[in-house]
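Novice: Provided below are the primary sequence and the corresponding predicted coordinates.
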Amino acid sequence: MLPESNMSSPTSGDISNAYYGSPEYGIVNGIIEDDLPVYDKTYVVYSHWMHNSYDKHLHVRGHQIERQFSAMNGNDFIFGKFMGQINSDLGRTRGCGNVHYPPNATRDYEYNNSNFILSDIQDWKPDGTGEQTLVNNSTWIKNYDINYNFPTSSYKGETERSTIGNDPEGGWLIYWFQSIPGHNNGIQYNGQDLKNFWDTFYDWDYHYANDRDLLN
């Protein structure tokens, strides 16, 4: 059995969604044996089980995003504000949630919660001043047509799909990815501009080595 994601990096070391501490993954006296070779640039190996549907693939990628963003800004500072804090009774009124928790979720994997909650996910700002709007599962369950037909297979659970986002988990993950600050996001914190988070993710070696921050 492989970990969901496994990073090899000359700059940061292994920051991934691997199952550390478990003997079957080669942990001997705290040292990862038989792990991935380290090359000049960072790479990540994902264990996408092809019999799973697309939402599970997004789920795995989302956890890797969480791990890498959490390694920026020293102890999860800006990314922690992005995710917000969970209230077990109410969901989160501030912050955009994470892979397991939409804003109105009160427990893991509650993607199909129809209860409305005021959330700033559509106007998130690190200082908590973003405008709040009512959101629930209907906010992220949408039909997104894609011009692609998956190959048909006797063992694969998802075949010939031309629409995504219309299932609770897949819809939430697409919506969550879209809420991550990107290019020219125009968001500031204490007078500093937020970086394009995606740039730090995909140009990992530069940002981790030279400017380990989500603020410009």
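Specialist: Good, I have the coordinates.
Novice: Now the spatially most central residue of the chain, what are its backbone angles?
Specialist: Centroid-nearest residue in the chain: residue 62, 2.8 Å away (criterion: Cα atoms, centre = their mean). Residue 62 adopts backbone torsions of phi -60, psi -40, taken as degrees, to the nearest 10.
Novice: and residue 171, what helix or strand is that in?
Specialist: Residue 171 belongs to helix 168-179 when assigned by DSSP states H and E.
Novice: whoops, I mixed them up, residue 148
Specialist: Using DSSP H and E, no element contains residue 148; it sits outside every helix and strand.
Novice: Just checking, which helix or strand of this structure averages the lowest pLDDT?
Specialist: Lowest by mean pLDDT, DSSP states H and E among the helices and strands of the chain is strand 27-28, with a mean of 50.
Novice: From residue 167, how far off is the closest residue to residue 109 other than its chain neighbours?
Specialist: Excluding the flanking residues, the one nearest residue 109 by Cβ to Cβ, 6 or more residues apart in numbering is residue 100, at 6.0 Å. C-betas here are computed from N, CA, C, even on glycine. Separation of residue 100 from residue 167 (Cβ to Cβ, to the nearest Å) stands at 16 Å.
Novice: Kindly report the same for residue 56.
Specialist: From residue 56 to residue 167 the distance is 11 Å (Cβ to Cβ).
Novice: Also residue 114?
Specialist: 15 Å.
Novice: Can you show me the strands along the protein?
Specialist: Along the chain, counting by DSSP state E, strands occupy 5-8, 27-28, 31-32, 43-46, 117-119, 133-135, 144-145, 163-164, 188-189, 192-193.
Novice: Which neighbouring elements make contact with the last one?
Specialist: Under the contact definition 3 or more Cβ pairs under 8 Å, 6 or more residues apart in numbering; DSSP states H and E, strand 192-193 sits against no other helix or strand.
Novice: Let me know the average pLDDT across it.
Specialist: Computed over strand 192-193, the mean pLDDT rounds to 94.
Novice: Give me the residues contacting it.
Specialist: The contact list for strand 192-193, computed with Cβ atoms under 8 Å, 6 or more residues apart in numbering, reads 186, 187, 215, 216.
Novice: Quick one, grab the pLDDT at residue 13.
Specialist: Per-residue confidence (pLDDT) for residue 13: 87.
Novice: which residues does it contact?
Specialist: So residue 13 contacts nothing (Cβ under 8 Å, 6+ apart).
Novice: what about stretch 127-144, average pLDDT?
Specialist: On average, the pLDDT along stretch 127-144 is 96.
Novice: Relative to residue 137, which of the contacts of strand 192-193 is nearest.
Specialist: residue 187 (25.8 Å; Cβ to Cβ).
Novice: Name the nearest residue to residue 133, sequence neighbours excluded.
Specialist: residue 122 (5.5 Å).
Novice: and if you look at residue 47?
Specialist: residue 2 (3.8 Å).
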